[in-house]
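A.B. asks: Sequence unavailable; structure follows:
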């Protein structure tokens, strides 16, 4: 095998070289260096191609494919988790500052910046599912929904994270099922403003860049959504 | 009977946990959208579960899942295939190249590759498949796979060289 043949073989299948190619590389410093550069290139491609995998993907796949199946050990883990969540929620409910959930909503938006830069045309059905989780129904379509995702919330809970367009700019709606708040609250932090509103089976939060935009987004939502259906 | 179904579910769960991430990454590079990639993976495993009892060779399960995912992707996107001439690899030049730059550069270069080159490259580098396995998945000859892989690596290296030249000259 000559240098050209070796390099062709290396570029086509770097990890499965014939014996004759390996023998050639042993006696050719130039081809050994070439092989190293191909291997380095593959390492970089592998690293770049290894994009982050969404948290909980396997669980969502299993839930959809096989139903709510969970092995026994996970049932125990869930039970322990439920006890922990109830404990934390009780402590939060009794002792937390009034604006704790509004601040949590702002923190959630700040920690998920891609939600404001990603464009994903969500269908109306997904939004309806998210709203139904707190007992709300859609009166009329929200308009352009750019982002919708089920996110981890607090200690073991989940919340629907929705970003939609309003005439004043982007607004984030966070729908948190099965978690009670006592009354409406609001907070401002890190250049963001949020309000929290209790509903039948949980609460929702609206986060925007200013109190005025938040108030307008809240009015818009009251028009489009029946929160206590 | 219940024990049999239980074993099937355990096998399936192991498979989802073992290959879910690889499938997601492969799907991401097919569609360049993380939501669509997750949908593809969900649909792939949903279809796999429906046919799970028909799976005879558990050793080839990853190969089988990739085939389902590709079919699903083609069904969803119904992309127009660009005809590619798999020219003789002996006509190709082999440049000596410097080291590649950072991840962003590499991702951009991967994005710039035509899908017909990107797909076999990802199957080999990300999926660890051999040329013969890739040929069987893409339903092309092994020689054509080798040509595409050579071209893909050349293109990546060529782009890399241009990036370096640009950085040096600015």
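C.D. replies: Sure, I can see it. Note that this is a predicted model, so its numbers are computed, not measured.
A.B. asks: Other residues contacting the helix or strand where residue A:147 lies?
C.D. replies: According to DSSP states H and E, residue A:147 maps onto strand A:145-153. When contacts are defined by Cβ atoms under 8 Å, 6 or more residues apart in numbering or on different chains, strand A:145-153 is touched by residues A:55-56, A:108, A:112, A:115-116, A:118-122, A:126-127, A:130, A:158-165, A:170, A:174, A:176, A:179. Backbone N, C-alpha and C define where each C-beta goes, glycine included.
A.B. asks: In three-state terms, label the nearest residue to residue A:54 once chain neighbours are set aside for me.
C.D. replies: Spatial nearest neighbour of residue A:54, excluding adjacent residues (Cβ to Cβ, 6 or more residues apart in numbering or on different chains): residue B:38 at 6.0 Å. Here residue B:38 is recorded as helix under DSSP: H, G, I helix; E, B strand; the rest coil.
A.B. asks: Next, work out how far apart residue B:38 and residue B:45 are.
C.D. replies: 11 Å (Cβ to Cβ, to the nearest Å).
A.B. asks: pLDDT averaged over whichever helix or strand residue B:123 is part of - what is it?
C.D. replies: In this assignment (DSSP H and E), residue B:123 forms part of helix B:115-125. Mean per-residue pLDDT for helix B:115-125: 92.
A.B. asks: Okay, buried residues for the very next helix or strand once past that helix please.
C.D. replies: Later in the chain than helix B:115-125, the nearest helix or strand by DSSP H and E is helix B:131-138. Buried residues in helix B:131-138, counting neighbours by 16 or more other Cβ atoms under 10 Å in any protein chain shown, are found at B:131, B:133-138.
A.B. asks: Please apply the same query to stretch A:166-183.
C.D. replies: Across stretch A:166-183, burial judged by 16+ other Cβ under 10 Å covers A:166, A:168, A:170-177, A:179, A:181.
A.B. asks: what does stretch A:124-134 give?
C.D. replies: Residues of stretch A:124-134 classed as buried: A:126-127, A:130-131, A:133-134 (neighbour count, 16+ other Cβ under 10 Å).
A.B. asks: can I get the residues you listed in TSV with distance to residue A:154?
C.D. replies: Shown next, in TSV, are those (distance: Cβ to Cβ, whole Å):
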residue	distance to residue A:154
A:126	22
A:127	22
A:130	17
A:131	20
A:133	15
A:134	15
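A.B. asks: Which pLDDT value does the model give the residue lying closest to residue B:132 once chain neighbours are set aside?
C.D. replies: Closest residue to residue B:132 apart from its sequence neighbours, by Cβ to Cβ, 6+ apart: residue B:142 at 5.5 Å. For residue B:142, the model assigns a pLDDT of 91.
A.B. asks: Show me the helices in chain B, by range?
C.D. replies: B:2-31, B:34-50, B:61-77, B:103-112, B:115-125, B:131-138, B:142-169 (DSSP state H).
A.B. asks: neighbour-wise, which of residue B:38 and residue B:45 wins?
C.D. replies: Per other Cβ atoms under 10 Å in any protein chain shown, whichever of residue B:38 and residue B:45 has more neighbours is residue B:45, with 28 against 19.
A.B. asks: Get me the contact residues on chain A for chain B.
C.D. replies: Neighbours of chain B within chain A, by Cβ under 8 Å from any Cβ of the partner chain: A:4, A:7-8, A:11-13, A:16, A:34, A:37-38, A:40-42, A:44-51, A:53-54, A:57-58, A:60-62, A:64-66, A:69, A:71, A:120.
A.B. asks: Report the buried members of these.
C.D. replies: A:7-8, A:11-13, A:34, A:37-38, A:41-42, A:44-45, A:48-49, A:53-54, A:57-58, A:60-62, A:65-66, A:120.
A.B. asks: and chain A, what are its domains?
C.D. replies: If you go by automatic domain parsing, the domain ranges for chain A are A:3-49, A:54-95, A:98-226.
A.B. asks: What are the neighbouring residues in contact with residue 124?
C.D. replies: Assuming you mean chain A. With Cβ under 8 Å, 6+ apart, residue A:124 has these contacts: A:138, A:141.
A.B. asks: To clarify, I was referring to chain B.
C.D. replies: Residues in contact with residue B:124 (Cβ under 8 Å, 6+ apart) are A:13, B:130-131, B:134, B:149.
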